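Novice: build me a model:
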Amino acid sequence: MKEFSQFLQLIGEAMPDLVSLILCPALLLAVGLVLAIFRKEKAYLPVAVGLGGAGAFLVGCEAGAGGELFAYLALYVLLAVLVRLLFLLPFPTRGSKEGREAELYEKFRVPLEVPAEAEEEPPAEGESVRLEHALSLLEQLKKCNLSASDRLEADAIGHTLERVKGSPTEEDRRTVNDSLSTILKLTAKYKL
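Specialist: Got it, this is the predicted structure:
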């Protein structure tokens, strides 16, 4: 035990007073700021505890076990709490995934331009052709050996298309287009 006490005294004598008092709190402030900017809240507690332990060791080497060590730890805990408040600040996240997705969407977005007259016109001849084409592809699909989930999907599409057969509304046209898209995917899957 005597050797350990001598080792602690050696460290205390070799280290300047300000280094042991300022080094760990300054590191805590710098690391806490970096962690707050990068939103790494889970890493803060181990860093704060580790630096606090190192600082307590250095101060304990110089002061011995006494009131100075207790005062240092109290001030360090106060500083750690204040540095933890940095995580509440809204730092700009320039490279966030949501921001990049929004930028790409705005860059490549094509606005839909639907003339007002097109909404009032009766369905064109192509609408019925599209519906008939979807129904014929669906009949071909039903003759194939479909998996259970694909068969259920084909049946649901068939019921939807049968309901739309009259004069389709704008919503029904979109439904037909979506159904045709799904049917085409299934025909590609089963190589029709």
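
Novice: now the end-to-end length of stretch 60-75.
Specialist: Terminal residues of stretch 60-75 are spaced 15 Å apart (CA to CA, to the nearest Å).

Novice: any idea of the mean pLDDT for it?
Specialist: The average pLDDT within stretch 60-75 is 81.

Novice: centre of the chain to it, how far?
Specialist: 43 Å (CA atoms, centre = their mean, to the nearest Å).

Novice: now do the buried residues in that stretch.
Specialist: 60-63, 69, 72-73 (16 or more other CB atoms under 10 Å). Where you see a C-beta, it was placed from the backbone N, CA and C, and this is true even at glycine.

Novice: cool, and stretch 134-151?
Specialist: Neighbour-count burial for stretch 134-151 [16+ other CB under 10 Å]: 134-135, 137-138, 141, 146, 150.

Novice: next secondary structure element downstream of the helix or strand bottoming out on mean pLDDT in the chain?
Specialist: Lowest by mean pLDDT, DSSP states H and E among the helices and strands of the chain is helix 116-120, with a mean of 47. Following helix 116-120 in sequence order, the next helix or strand is helix 125-143 (DSSP states H and E).

Novice: from the contact counts, what lies against that following helix?
Specialist: In terms of contacts (3 or more CB pairs under 8 Å, 6 or more residues apart in numbering; DSSP states H and E), helix 125-143 is packed against helix 148-164, helix 170-189.
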